[in-house]
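Enquirer: Have a look; sequence and predicted model below, questions after that.
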Amino acid sequence: QVHLVESGGGLVQAGGSLTLSCTASGDSFTLYTLGWFRQTPAREREFVAAISWSPGATHYSDSVKGRFTISRHNFNNTVLLKMNSLKPEDTGVYYCAQDRRKFTPAQSLGTRDADWGQGTQVTVSS
């Protein structure tokens, strides 16, 4: 089982930016799709963005498209989520996820077949 460690969360004003980072342990990082989900007490865990195994096609939820950018850096097993133009509704705990299946498209990353990090809090103030 992969071990995922997130960092980069914090408090930011609306309109600001944050970059989240997730580092994965283990071998064969390039063979797996990774992504980000978020959750609040009022909402179930929801998909934010994903990036497929090499060459890294991306997929975003409609709510973040155009504002967030996901990227992966295979040399150090890291996936980043650059978040711009943040809104109060982006507040939540952000979880990094790695698909347990190899060679899957970004659109297929879901909550059932993934391993998870511990989460990092993002708070956007109005």
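Expert: All right, it came through fine.

Enquirer: do you know how far the nearest residue to R72 once chain neighbours are set aside is from S28?
Expert: Closest residue to R72 apart from its sequence neighbours, by CB to CB, 6 or more residues apart in numbering: V79 at 4.7 Å. Yep, even glycine has a C-beta here, placed from its N, CA and C like the rest. V79 sits 15 Å away from S28, going by CB to CB, to the nearest Å.

Enquirer: go on, T123?
Expert: Taken as CB to CB, the span from T123 to S28 is 35 Å.

Enquirer: quick one, which of these two is more surrounded?
Expert: Set side by side, T123 and S28 show more neighbours around T123, with 15 against 11, by other CB atoms under 10 Å.

Enquirer: Could you pull up the residues touching the more buried one?
Expert: G10, L11, V12, T91 (CB atoms under 8 Å, 6 or more residues apart in numbering).

Enquirer: May I ask you to confirm that the last one is in contact with V122?
Expert: Going back to what we said before, that points to T91. Yes: here T91 reaches V122: they are 6.2 Å apart, a contact under CB atoms under 8 Å.

Enquirer: Of the two, give the one with the bigger neighbour count.
Expert: V122 (21 against 18).

Enquirer: if I look at the spatially closest residue to that one that is not a sequence neighbour, how far off is T78?
Expert: In space, and not counting its chain neighbours, V122 is closest to G9: 4.9 Å by CB to CB, 6+ apart. Distance of G9 to T78, computed by CB to CB: 16 Å.
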